[in-house]
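Asks: got a predicted structure here, sequence first:
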Amino acid sequence: MGKDSKPKDAGGKGKGKAKQGGSGADESASKGKGKSGKAAADGLGTCTYVKARHILSEKQGKINEAYKKLQDGWLSNGDKVPPAEFAKVLAAEYSECPSGKKGGDLGWFPRGKMAGPFQEVAFATQVGATSAPFKSTHGYHIILCEGRKN
(Lines give C-alpha, C1' and ligand atoms only; values in the text may rest on other atoms or scores of the structure.)
Protein backbone atom coordinates (compact mmCIF):
# COMPACT_ATOMS: atom_id res chain seq x y z
CA MET A 1 0.00 0.00 0.00
CA GLY A 2 1.49 3.29 -0.97
CA LYS A 3 0.46 6.84 -1.26
CA ASP A 4 -2.03 7.39 -4.08
CA SER A 5 -1.77 10.49 -6.18
CA LYS A 6 -5.56 10.82 -6.27
CA PRO A 7 -7.31 9.64 -3.09
CA LYS A 8 -10.93 8.71 -3.53
CA ASP A 9 -13.73 9.20 -1.06
CA ALA A 10 -14.02 6.38 1.48
CA GLY A 11 -17.75 6.20 0.73
CA GLY A 12 -19.71 2.99 0.93
CA LYS A 13 -21.32 1.16 3.81
CA GLY A 14 -18.45 1.42 6.29
CA LYS A 15 -18.39 5.22 6.31
CA GLY A 16 -20.25 5.77 9.58
CA LYS A 17 -18.10 4.43 12.40
CA ALA A 18 -14.71 4.65 10.78
CA LYS A 19 -14.82 8.17 9.46
CA GLN A 20 -15.65 10.15 12.56
CA GLY A 21 -16.22 13.87 12.35
CA GLY A 22 -17.04 14.33 8.65
CA SER A 23 -13.90 15.01 6.64
CA GLY A 24 -11.59 12.77 8.59
CA ALA A 25 -9.14 12.78 11.46
CA ASP A 26 -7.79 16.30 10.96
CA GLU A 27 -11.21 17.83 11.42
CA SER A 28 -11.53 16.41 14.93
CA ALA A 29 -8.23 18.07 15.84
CA SER A 30 -9.28 21.45 14.46
CA LYS A 31 -12.62 21.37 16.28
CA GLY A 32 -10.90 20.96 19.63
CA LYS A 33 -12.65 19.31 22.52
CA GLY A 34 -16.09 17.83 22.09
CA LYS A 35 -18.77 17.73 24.79
CA SER A 36 -16.72 15.45 27.02
CA GLY A 37 -13.26 16.74 26.07
CA LYS A 38 -12.52 13.30 24.63
CA ALA A 39 -10.81 14.50 21.42
CA ALA A 40 -7.80 15.77 23.34
CA ALA A 41 -7.73 12.77 25.69
CA ASP A 42 -7.81 10.00 23.08
CA GLY A 43 -5.43 11.69 20.62
CA LEU A 44 -7.68 11.18 17.59
CA GLY A 45 -6.48 13.44 14.85
CA THR A 46 -3.42 14.63 16.76
CA CYS A 47 -0.97 11.73 16.70
CA THR A 48 1.87 11.40 14.21
CA TYR A 49 2.10 7.58 14.01
CA VAL A 50 -0.43 4.75 14.14
CA LYS A 51 0.17 1.02 14.63
CA ALA A 52 -2.45 -1.01 12.81
CA ARG A 53 -3.52 -4.35 11.41
CA HIS A 54 -5.91 -4.66 8.51
CA ILE A 55 -7.85 -6.97 6.27
CA LEU A 56 -7.89 -6.19 2.55
CA SER A 57 -10.24 -7.78 0.08
CA GLU A 58 -10.98 -7.02 -3.53
CA LYS A 59 -14.61 -8.07 -3.04
CA GLN A 60 -17.05 -6.23 -0.80
CA GLY A 61 -18.90 -9.45 0.04
CA LYS A 62 -15.75 -11.03 1.48
CA ILE A 63 -14.96 -8.00 3.69
CA ASN A 64 -18.57 -7.92 4.88
CA GLU A 65 -18.28 -11.61 5.82
CA ALA A 66 -15.15 -10.84 7.86
CA TYR A 67 -16.91 -7.91 9.55
CA LYS A 68 -19.88 -10.14 10.40
CA LYS A 69 -17.46 -12.49 12.19
CA LEU A 70 -16.15 -9.49 14.13
CA GLN A 71 -19.68 -8.46 15.06
CA ASP A 72 -20.73 -11.97 16.07
CA GLY A 73 -17.56 -12.68 18.00
CA TRP A 74 -16.73 -9.44 19.81
CA LEU A 75 -18.45 -6.27 18.68
CA SER A 76 -22.01 -7.33 19.53
CA ASN A 77 -20.90 -7.71 23.17
CA GLY A 78 -19.17 -4.34 23.16
CA ASP A 79 -15.79 -6.08 23.45
CA LYS A 80 -12.58 -4.97 21.79
CA VAL A 81 -11.01 -7.45 19.41
CA PRO A 82 -7.74 -8.87 20.73
CA PRO A 83 -4.97 -8.28 18.14
CA ALA A 84 -3.95 -11.96 18.25
CA GLU A 85 -7.50 -13.04 17.44
CA PHE A 86 -7.83 -10.44 14.68
CA ALA A 87 -4.57 -11.74 13.20
CA LYS A 88 -5.26 -15.46 13.54
CA VAL A 89 -9.01 -15.67 13.01
CA LEU A 90 -9.65 -12.89 10.50
CA ALA A 91 -6.63 -11.44 8.70
CA ALA A 92 -4.99 -14.78 8.01
CA GLU A 93 -8.25 -16.14 6.57
CA TYR A 94 -9.76 -13.14 4.77
CA SER A 95 -6.98 -10.72 3.81
CA GLU A 96 -5.67 -10.74 0.25
CA CYS A 97 -2.81 -8.39 1.18
CA PRO A 98 0.67 -9.89 1.65
CA SER A 99 0.46 -8.60 5.24
CA GLY A 100 -2.33 -11.15 5.81
CA LYS A 101 0.35 -13.80 6.31
CA LYS A 102 1.59 -11.67 9.23
CA GLY A 103 -1.89 -11.30 10.68
CA GLY A 104 -2.49 -8.08 8.76
CA ASP A 105 0.26 -6.32 10.70
CA LEU A 106 1.30 -3.03 9.11
CA GLY A 107 3.43 -1.93 12.05
CA TRP A 108 3.89 1.77 12.82
CA PHE A 109 3.37 4.22 9.98
CA PRO A 110 3.40 8.03 9.83
CA ARG A 111 0.85 10.39 8.37
CA GLY A 112 1.33 10.72 4.63
CA LYS A 113 2.51 7.16 4.01
CA MET A 114 -0.84 5.48 3.30
CA ALA A 115 -3.47 6.25 0.66
CA GLY A 116 -6.02 8.95 1.53
CA PRO A 117 -9.07 6.98 2.74
CA PHE A 118 -6.93 4.36 4.47
CA GLN A 119 -4.95 7.01 6.33
CA GLU A 120 -8.10 8.92 7.32
CA VAL A 121 -9.72 5.83 8.82
CA ALA A 122 -6.52 4.56 10.49
CA PHE A 123 -5.90 7.88 12.23
CA ALA A 124 -9.57 8.26 13.20
CA THR A 125 -9.99 4.79 14.75
CA GLN A 126 -9.52 4.59 18.52
CA VAL A 127 -6.83 2.33 19.98
CA GLY A 128 -8.22 -1.17 20.43
CA ALA A 129 -11.16 -0.51 18.10
CA THR A 130 -11.86 -1.75 14.60
CA SER A 131 -13.19 0.32 11.75
CA ALA A 132 -16.31 -0.54 9.84
CA PRO A 133 -15.60 -1.82 6.31
CA PHE A 134 -14.60 0.93 3.89
CA LYS A 135 -13.33 1.25 0.34
CA SER A 136 -10.02 2.64 -0.88
CA THR A 137 -8.28 2.54 -4.24
CA HIS A 138 -6.83 -0.86 -3.24
CA GLY A 139 -10.12 -2.56 -2.33
CA TYR A 140 -12.17 -3.01 0.83
CA HIS A 141 -10.61 -2.82 4.29
CA ILE A 142 -11.18 -3.28 7.99
CA ILE A 143 -8.59 -1.71 10.28
CA LEU A 144 -7.69 -2.60 13.86
CA CYS A 145 -5.84 0.28 15.54
CA GLU A 146 -3.27 -1.06 18.01
CA GLY A 147 -1.56 2.15 19.06
CA ARG A 148 -0.73 5.77 18.38
CA LYS A 149 2.20 8.00 19.23
CA ASN A 150 3.74 11.36 18.34
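Replies: Cool, the structure landed. Numbering: from 1, shown residues only.

Asks: lowest confidence element among the helices and strands of the chain?
Replies: Least confident element among the helices and strands of the chain, by mean pLDDT, DSSP states H and E: helix 25-31 (a mean of 34).

Asks: helices of this protein, start to end?
Replies: Assigned by DSSP state H, the chain shows helices spanning 15-18, 25-31, 38-42, 60-73, 83-85, 92-94, 116-124.

Asks: look at residue 81 and report its pLDDT.
Replies: pLDDT recorded at residue 81 is 86.

Asks: and the gap between it and residue 137?
Replies: To residue 137, residue 81 is 25 Å away according to Cβ to Cβ, to the nearest Å. To be clear about C-beta, it is placed using only N, CA and C from the backbone, and glycine gets the same treatment.

Asks: neighbour count: the two, which is higher?
Replies: residue 81 (21 against 14; other Cβ atoms under 10 Å).
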